[in-house]
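Q: the following comprises the amino acid sequence and a computationally predicted model.
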Amino acid sequence: NAGVTQTPKFRILKIGQSMTLQCAQDMNHNYMYWYRQDPGMGLKLIYYSVGAGITDKGEVPNGYNVSRSTTEDFPLRLELAAPSQTSVYFCASSYGTGNEQFFGPGTRLTVL
Amino acid sequence: DQQVKQNSPSLSVQEGRISILNCDYTNSMFDYFLWYKKYPAEGPTFLISISSIKDKNEDGRFTVFLNKSAKHLSLHIVPSQPGDSAVYFCAAIGPGAGSYQLTFGKGTKLSVIP
């Protein structure tokens, strides 16, 4: 099992550009999540999904969009990148609520 | 408003001694607590958890204690090893609409000195 995989590992964007962060899991988990971690801070939830076709906002959703067309994939879309979106992004999945979440290795994004 | 607080940004401990990492929370609706460990350039990995109906959970060298009345939990690592050097995050989850969301503390960086 590869677990949770994320691509790319690093990316530099210019202000106003857009990109998609990819996330995939092979554990057949229904629940998937996107977090961001700013320096010296804990992780904050951006969006989550409880199954294919179902997504909902977390604590900090502004400037992001997600889709969940399959159980395995949960891409995060950034439209009109801003310096405030410079962060490390982690994707995670879990079997259910209240269960441990398994995290990917992260994508370090810099917006200049 | 931080609902999960880790007030010690860093902690240094001698190899073989006990490491105690602390976490406080403000939301009394939280009913499940987790500790995650994070190495640089990696994602967090689950370490140990505890339900609010318990006051202690043990897994090998790791023990988590929960004091509900004080809204406080702690992670004990005995004996500490150099490989335990990492950032430790406390996280909480609650019932209802917020139950999908892990609320994280800011983390405590543990350094175990050989």
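A: All right, it came through fine. Numbering: from 1, shown residues only, chains lettered A, B, ... in the order given.
Q: so for chain A, the centremost residue is which one?
A: Centroid-nearest residue in chain A, with Cα atoms, centre = their mean: A:W34, separated by 3.1 Å.
Q: quick one: it and A:K44 touch, right?
A: No. Assessed by Cβ atoms under 8 Å, A:W34 is found out of contact with A:K44, at 9.9 Å. All C-beta spots, glycine's among them, are computed from the backbone N, C-alpha and C.
Q: need the overlap of contacts for the two.
A: Taking Cβ atoms under 8 Å, 6 or more residues apart in numbering or on different chains as the contact rule, A:W34 and A:K44 both touch A:G58.
Q: circling back to that earlier point, report pLDDT for the residue nearest to the centre of chain A.
A: Looking at A:W34, its pLDDT reads 96.
Q: residue contacts, it?
A: For A:W34, the contact set (Cβ under 8 Å, 6+ apart) comprises A:21, A:23, A:45-48, A:58, A:64, A:66, A:74, A:76, A:89-92.
Q: which residues does the residue nearest to A:P8 when sequence neighbours are not counted contact?
A: Setting aside the residues directly before and after it, A:P8 is nearest to A:T107 in space (Cβ to Cβ, 6 or more residues apart in numbering or on different chains), at 6.1 Å. Residues near A:T107 by Cβ under 8 Å, 6+ apart: A:Q6, A:T7, A:P8, A:K9, A:F10, A:R11, A:L21, A:V88, A:Y89.
Q: mind giving me the packing neighbours of whichever helix or strand the last one is part of?
A: Read that as A:Y89. In the assignment (DSSP states H and E), A:Y89 maps to strand A:87-94. With contacts taken as 3 or more Cβ pairs under 8 Å, 6 or more residues apart in numbering or on different chains; DSSP states H and E, strand A:87-94 sits against strand A:4-7, strand A:19-25, strand A:31-37, strand A:102-103, strand A:107-111.
Q: determine which of those strands approaches B:I77 most closely.
A: strand A:102-103 (20.5 Å; Cβ to Cβ).
Q: and the lowest-mean-pLDDT helix or strand in chain B with chain A, contact?
A: Least confident helix or strand of chain B, by mean pLDDT, DSSP states H and E, is strand B:103-104 with a mean of 90. Yes. Strand B:103-104 reaches chain A (Cβ under 8 Å from any Cβ of the partner chain) through B:T103, B:F104.
Q: the helix or strand following that strand and chain A in contact?
A: Going down the chain from strand B:103-104, the next helix or strand is strand B:108-113, by DSSP H and E. No. Strand B:108-113 stays clear of chain A (Cβ under 8 Å from any Cβ), getting no nearer than 10.2 Å.
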